[in-house]
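Participant: Predicted structure and sequence below. I'll ask about it afterward.
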Amino acid sequence: MKALQLVKYGKIKDSLVFNEVSKPTIQATDVLIEVKAAAINPIDKSIILGNLQNMLPIPFPSTSAYDVSGIIVEKGAEVSNFEIGDLVYSRVPQEQMGTIAEYVAVTNMAVSKKPGNISFEEAASIPLAGLTALQSLEHVGIKKNDKVLIHAGSGGVGSIAIQYAKAKGAYVYTTTSTNNVKWVAALGADRVIDYKTEDYKAIVKDADIVFDTLGKNYSLEAFQVIKQGGKVVSVVGPLDEDSAKMFGMADYKLPEELAKLISGKEASYKFIFMHPNGVHLGELKSLIEDEKIKPIIDKVYPFSESIEAFTHLASGRAKGKIVIKIN
Ligand SMILES: NC(=O)c1ccc[n+]([C@@H]2O[C@H](COP(=O)([O-])OP(=O)(O)OC[C@H]3O[C@@H](n4cnc5c(N)ncnc54)[C@H](OP(=O)(O)O)[C@@H]3O)[C@@H](O)[C@H]2O)c1
């Protein structure tokens, strides 16, 4: 079968190659998905550039990407929750990475039936970003009337997080640039802050939750806008001690400046590294079918133009998700 593979770390155009590879074989708990569409995420770019080689070492060659939608064409002897012919979507686990290919084998635990009211391309756009939004906002126990700041509302994660937070009844502030303000407001955000012309720190006061999707100074500034006892959840900022342990960094200590800000606000801080989860994808499926969440797609590329899709991703300006139609 044809697959887009990473053959070395480096620049996108030097590192990705279309190869003919054998069709994956399945374990007893796996399903084999005939891939209809895949989606790409900033982590795929970071892997290519070699930025994650200590945390997530990749053997070469490896097929790229984690997000998939498609049709189950084989199932292992122990799989009882899916049938051949089921239309599904998944964020595949690290060890099964490789969705820009004609087939991918995935543990049934990471798979859900796809939402019935959206296309394969739309379904592929959901898993990684959707699970990140759900798992981050659930970690901080988002609830009705919470005031939540979600950074980068026009990104893959932010565009779903806004809709998820609104579905939970929260009041949502979000940041984006001028050109995106209108469509991001249409996702339901209560106050869209144009970071080109406005200072979000002057607008957001006493937030219950900050969802930090930007990192760097934004992780620290979060403590200026949360209430006393508020919660900061980050997917880009410094690791917390538990998440550092997960990556084998037993002696890790929170950066001193961050630790001071947390104690000054009697706040909580958590770094989330999303995990594959078929049950959570099932929850997102229900929200999509209830029209509480709609997928936002920037562009669908044909399989043959997958490398161009990565170049677009690397610009950091995607409006929603970048999808690759495989078949
Ligand atoms: N820890 C985890 O498990 C996990 C999971 C998923 C993602 N992540 C990380 O989370 C981050 C976001 O992921 P993503 O998929 O949403 O990325 P993305 O879709 O590539 O984000 C692009 C968006 O970011 C916006 N943006 C850039 N700078 C901004 C700023 N200063 N203020 C407001 N918006 C800004 C851009 O809007 P403008 O063009 O308007 O600036 C663009 O729409 C990435 O760093 C990714 O690696 C982590």
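Facilitator: Perfect, I can see it now.

Participant: Up against the ligand, what does the chain have?
Facilitator: Counting by CB under 6 Å from any ligand atom, the chain comes close to the ligand at 41-43, 128-129, 132, 151-152, 154-158, 175-177, 180, 195, 213-214, 235-236, 272-274, 316-319. Where C-beta positions appear, they are placed from N, C-alpha and C, glycine not excepted.

Participant: try it again with 5 Å
Facilitator: Counting by CB under 5 Å from any ligand atom, the residues of the chain close to the ligand are 42, 132, 152, 154-157, 175-177, 180, 195, 213, 235-236, 273-274, 317-318.

Participant: Among those, name the buried ones.
Facilitator: With burial judged by 16 or more other CB atoms under 10 Å, the buried subset of the residues of the chain next to the ligand is 42, 132, 152, 154-157, 175-176, 180, 195, 213, 235-236, 274, 318.

Participant: All the strands of the stretch 51-200 of the chain, in order from the start?
Facilitator: 62-63, 67-75, 87-91, 103-107, 111-113, 147-150, 171-176, 191-194 (DSSP state E, counting those that start in this stretch).

Participant: got TSV for those, with mean pLDDT and distance to residue 310 too?
Facilitator: Output for the strands of the stretch 51-200 of the chain, formatted as TSV (pLDDT from 0 to 100; distance: least, CB to CB, whole Å):
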stretch	mean pLDDT	distance to residue 310
strand 62-63	98	13
strand 67-75	99	14
strand 87-91	99	18
strand 103-107	98	18
strand 111-113	99	25
strand 147-150	98	25
strand 171-176	98	23
strand 191-194	98	28
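
Participant: Now distance to residue 81 too, for these, in TSV please.
Facilitator: What follows is these, written out as TSV (distance: least, CB to CB, whole Å):
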stretch	distance to residue 81
strand 62-63	25
strand 67-75	9
strand 87-91	10
strand 103-107	11
strand 111-113	8
strand 147-150	32
strand 171-176	34
strand 191-194	40
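
Participant: just to revisit the earlier point, among the buried ones among the residues of the chain next to the ligand, which two are most distant?
Facilitator: 195 and 274 (24.6 Å; CB to CB).

Participant: per the record, what domains does the protein have?
Facilitator: 2-126+295-325, 129-271 (automatic domain parsing).

Participant: Go through those domains and name the closest to residue 278.
Facilitator: Nearest of those (CB to CB): domain 2-126+295-325, 4.8 Å.

Participant: and residue 128, what does it touch?
Facilitator: Contacts for residue 128 (CB atoms under 8 Å, 6 or more residues apart in numbering) come out as 39, 41, 43, 66, 67, 91, 156, 274.

Participant: Let me have the domains of the chain in JSON lines, adding distance to residue 283 as columns.
Facilitator: Output for the domains of the chain, formatted as JSON lines (distance: least, CB to CB, whole Å):
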{"stretch": "domain 2-126+295-325", "distance to residue 283": "9"}
{"stretch": "domain 129-271", "distance to residue 283": "7"}
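
Participant: Which among those is found nearest to residue 287?
Facilitator: When those are compared (using CB to CB), the closest one is domain 129-271, at 5.8 Å.
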